[in-house]
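Participant: predicted coordinates and the sequence they were generated for:
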Amino acid sequence: MLSPSELFEELIEFNEVGTWTIGKTGEPINGIMLLIVWIAEFILIAGFAIFLTFSFQSPLSKSRFPFSETANDWYINMNKTMDIDAPEDLLDNLKSRMEGGNFAELVLLAKGSKEKEELSKSFRIRLNLYKPPQNSFDEPYYLDIDKVIFTLKNNKYQESAKTLVKYLAIDNQSVMEIWKISQI
């Protein structure tokens, strides 16, 4: 069977003849009953695969964090975020600049945001930091950068976040400067 059409023809033939029986009757299961069994098997297999996929995507799952091959352990989510007020045009090529290692811009933005009395109510950049499991200076920290949008509904601001950069390796010096500014 090299093609899907050949497989489909074989399935039709198996469905007409039947390939197994239930109990001692000797009558093979075929037709609609066999089709129901096949559909039930498909639902069980697909459902289990989908369940496994989403169970590892849960916020509580450690597999959502970066992994350190050196320490053979998961990075630690510092559960500390920092909101940075930034101009809208900054997002145009933020990802490529950050991936290019231009972290000085984040440091400057962080300083500017810290000096303001109130952050913008339209959108911000939110940083989330992951540190190496054994505080190794040989391994980078990782940084998530999210765009957080604020909308006013019923006289309350609601926020929604969109990830711009996920698990960006960042050097230790930039991490220390950014988080020293935020006083976390």
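Facilitator: Noted; the coordinates are in hand. Numbering: from 1, shown residues only.
Participant: now the strands for the protein?
Facilitator: For the chain, the strands defined by DSSP state E occupy 67-68, 73-74, 76-84, 123-131, 141-153, 156-170.
Participant: the ones you listed: lowest mean pLDDT?
Facilitator: Ranked by mean pLDDT, the strands of the chain end with strand 76-84 in last place, scoring a mean of 74.
Participant: give me the buried stretch members for it, please.
Facilitator: I76, N77, M82, D83, I84 (16 or more other C-beta atoms under 10 Å). Yep, even glycine has a C-beta here, placed from its N, CA and C like the rest.
Participant: need the max-distance pair from those residues.
Facilitator: The span of the buried residues of strand 76-84, defined through C-beta to C-beta, is set by I76 and I84 at 22.1 Å.
Participant: distance check, K166 against Y130.
Facilitator: 10 Å (C-beta to C-beta, to the nearest Å).
Participant: what is in contact with the two at once?
Facilitator: Common contact partners of K166 and Y130 (C-beta atoms under 8 Å, 6 or more residues apart in numbering): D144.
Participant: among the strands of the chain, which comes closest to E99?
Facilitator: strand 156-170 (6.6 Å).
Participant: packing partners for that closest one?
Facilitator: The criterion is 3 or more C-beta pairs under 8 Å, 6 or more residues apart in numbering; DSSP states H and E, and the helices and strands that strand 156-170 contacts are helix 94-99, strand 123-131, strand 141-153.
Participant: now render the ones you listed as TSV, adding distance to E13.
Facilitator: Shown next, in TSV, are those (distance: least, C-beta to C-beta, whole Å):
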stretch	distance to E13
helix 94-99	54
strand 123-131	55
strand 141-153	53
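Participant: can you say which of these is packed in most?
Facilitator: Highest mean neighbour count among those (mean count of other C-beta atoms under 10 Å): strand 123-131, with a mean of 21.
Participant: give me the sheet partners of that strand and which way each runs.
Facilitator: Strand pairing for strand 123-131, using DSSP bridges, gives strand 76-84 (antiparallel), strand 141-153 (antiparallel).
Participant: now the longest helix seen in the chain, how far from the chain's geometric center?
Facilitator: Longest helix in the chain, counting residues (DSSP state H): helix 31-55. From the chain centre to the centre of helix 31-55 is a distance of 26 Å (C-alpha atoms, centre = their mean, to the nearest Å).
Participant: in that helix, what's buried?
Facilitator: L34.
Participant: output the contacting helices and strands for that helix.
Facilitator: Using 3+ C-beta pairs under 8 Å, 6+ apart, helix 31-55 is in contact with helix 4-17.
Participant: what pLDDT, on average, does the longest helix of the chain get?
Facilitator: Confidence for helix 31-55, expressed as mean pLDDT, is 87.
Participant: what residues does it touch?
Facilitator: By C-beta under 8 Å, 6+ apart, the surrounding residues in contact with helix 31-55 are F14, N15, E16, G18, I29, S61.
Participant: farthest pair in the residues you listed?
Facilitator: E16 and S61 (45.6 Å).
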